[in-house]
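>>> below are the sequence and a predicted model; questions follow.
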Amino acid sequence: MNWTAIVVETSTEAVDAVSYILTDTGATGVKIDDAADFEKLKPGKYGPYGEIVNPATLPHREVGAAVTGYYPPTVFVPEKIEDIRQRVTKLADFGLNPAPARVTAEEIDNQDWATAWQKYYHPVRVTRELTIVPQWEEYTPTTTDEKLLVLDPGMAFGTGTHPTTQLMLQALTMALRGGESMIDVGTGSGVLSIAAKQLGAGEVWAYDIDDIAVKSAEKNLALNPIAKDVHTGVNSLLDGIHTQVDLVVANILAEIILPLVPQAFENLKPGGKFLTSGIINTKFETVKEAIQNQGFLIDETMRIKDWYGIIAHKPSQEEE
């Protein structure tokens with residue numbers, strides 16, 4: 001029996017939410033084809049034989065995004081399609097534009113699934129110091145301070161140009177000084193934990209509610225020797241976690257950030273920092289108010305297009 005691909009045509013801002021819906025309904029892999037991913041790509045070795053190619057000449061979406069979920073033969077896909085369609089449409093209730101919210105399905109050959117995503121992903125410099133590199137690409141840093149985040153996009157992977165990822169990587173670059181302990185909530189691919197270790201973080205814990213995501217993170221952590229000591233686990237936000245760390249980071253939807261706010265406050269040392277992203281513009285004031293009402297002091301707000309990130313800290317004893 002063959003695998004089945006369910007394709008959801010949507011907007012750039014809804015990519016993360018749609019990816020979650022697909023994995024939550026049984027997809028064991030997600031491919032993201034986003035027109036925004038091509039906007040910042042510069043000419044590079046994108047040709048099949050390593051030749052320099054202008055990415056604008058490569059086949060790609062002109063507008064919006066398509067998120068493809070890959071379902072194994074053990075999943076009965078016909079009963080999933082209507083549920084996915086309804087859940088994608090309801091994203092509008094959370095301030096996300098899911099349009100055109102078109103859902104289609106097709107069988108794919110198993111071998112095609114094994115390599116389907118590789119043509120979409122190439123090394124991308126996402127901050128001055130950090131470059132995301134797909135596992136199969138050979139890449140040499142161009143400067144002495146460039147650090148690589150090697151990822152296998154087999155489970156769920158963007159090229160690193162999605163605004164929420166950029167915002168959080170920029171926030172980590174600003175917040176980390178070296179040796180800090182950190183909790184990565186909703187780790188997904190593990191990219192933030194890997195970046196934190198590359199930027200000098202000390203002990204790091206990475207949690208996700210989805211066992212598939214945790215396994216994906218563990219695979220990516222293993223590809224980056226510097227991150228081999230990151231602790232991983234399946235957990236719903238910070239339920240049952242009672243510790244004291246220097247940073248709590250979360251690149252998740254605004255509705256999920258809200259119940260995390262008091263948990264983050266409890267688990268941070270005085271002066272510890274709370275870094276959040278994944279906040280669509282219509283939810284920014286709500287999240288900002290919740291963070292301030294909890295007692296956090298906001299140090300920085302960041303924005304790329306319709307997405308916001310917030311850097312806040314728990315008051316130190318001197319500030320109380």
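Perfect, I can see it now. Residues are numbered from 1 along each chain as shown.
>>> where in this structure is the helix or strand with the lowest mean pLDDT?
strand 156-157 (a mean of 44; mean pLDDT, DSSP states H and E).
>>> quick one: name whatever helix or strand follows it.
The element immediately downstream of strand 156-157 (helix or strand, assigned by DSSP states H and E) is helix 163-175.
>>> am I right that residue 179 is in contact with residue 200?
Yes. The criterion here is Cβ atoms under 8 Å, and residue 179 meets it with residue 200 at 6.7 Å. Just so you know, the C-beta spots here come from the backbone N, C-alpha and C atoms, and that holds for glycine as well.
>>> pLDDT averaged over the helix or strand where residue 273 lies - what is it?
With secondary structure defined by DSSP H and E, residue 273 is part of strand 268-280. What strand 268-280 shows for mean pLDDT is 95.
>>> okay, the angle between it and helix 163-175?
150 degrees (axes from the mean of the first three to the mean of the last three Cα atoms, to 10 degrees).
>>> show me where the stretch 1-150 of the chain has its strands.
Secondary structure of the stretch 1-150 of the chain, counting by DSSP state E, counting those that start in this stretch: strands at 3-10, 29-34, 65-71, 102-108, 124-125, 130-134, 147-151.
>>> what does the first one rub up against?
Okay, so that is strand 3-10. 18, 21-22, 27, 64-73, 75, 77, 80-81, 84, 88, 98-108, 110, 113 (Cβ atoms under 8 Å, 6 or more residues apart in numbering).
>>> and the angle from that strand to strand 29-34?
Comparing the axes of strand 3-10 and strand 29-34 via the same axes, to 10 degrees yields an angle of 30 degrees.
>>> relative to residue 63, how far out is residue 13?
13 Å (Cβ to Cβ, to the nearest Å).
>>> same thing with residue 210?
Computed as Cβ to Cβ, the residue 210 to residue 63 distance reads 30 Å.
>>> of the two, who's got more company?
Set side by side, residue 210 and residue 63 show more neighbours around residue 210, with 18 against 8, by other Cβ atoms under 10 Å.
>>> and the more buried one, how far is that from residue 247?
Distance from residue 210 to residue 247, by Cβ to Cβ: 22 Å.
>>> so residue 141 sits right up against residue 148, yeah?
Yes. Assessed by Cβ under 8 Å, residue 141 is found in contact with residue 148 at 6.6 Å.
>>> of all the strands of the stretch 1-150 of the chain, which one comes closest to residue 299?
Closest to residue 299 of these is strand 130-134 (Cβ to Cβ; 20.7 Å).
>>> what's the angle from the closest one to strand 147-151?
The directions of strand 130-134 and strand 147-151 differ by 30 degrees, with the same axes, to 10 degrees as the criterion.
>>> ok so, going back, out of the contacts of strand 3-10, which are buried?
The neighbour count (16 or more other Cβ atoms under 10 Å) marks 18, 21-22, 27, 64-72, 75, 77, 80, 84, 88, 98, 101, 103, 113 as buried among the contacts of strand 3-10.
>>> in the stretch 1-150 of the chain, where is pLDDT below threshold?
Applying pLDDT under 70 to the stretch 1-150 of the chain flags residues 1, 37-62, 109-120.
>>> residue 141 and residue 148 - which one has more neighbours?
Ranked by neighbour count (other Cβ under 10 Å), residue 141 and residue 148 place residue 148 first, with 18 against 13.
>>> which residue lies closest in space to that one, excluding its sequence neighbours?
Using Cβ to Cβ, 6 or more residues apart in numbering and skipping the chain neighbours, the partner closest in space to residue 148 is residue 133 (5.1 Å).
>>> enumerate every residue touching that neighbour.
Counting by Cβ under 8 Å, 6+ apart, residue 133 makes contact with 123, 139, 148-151.
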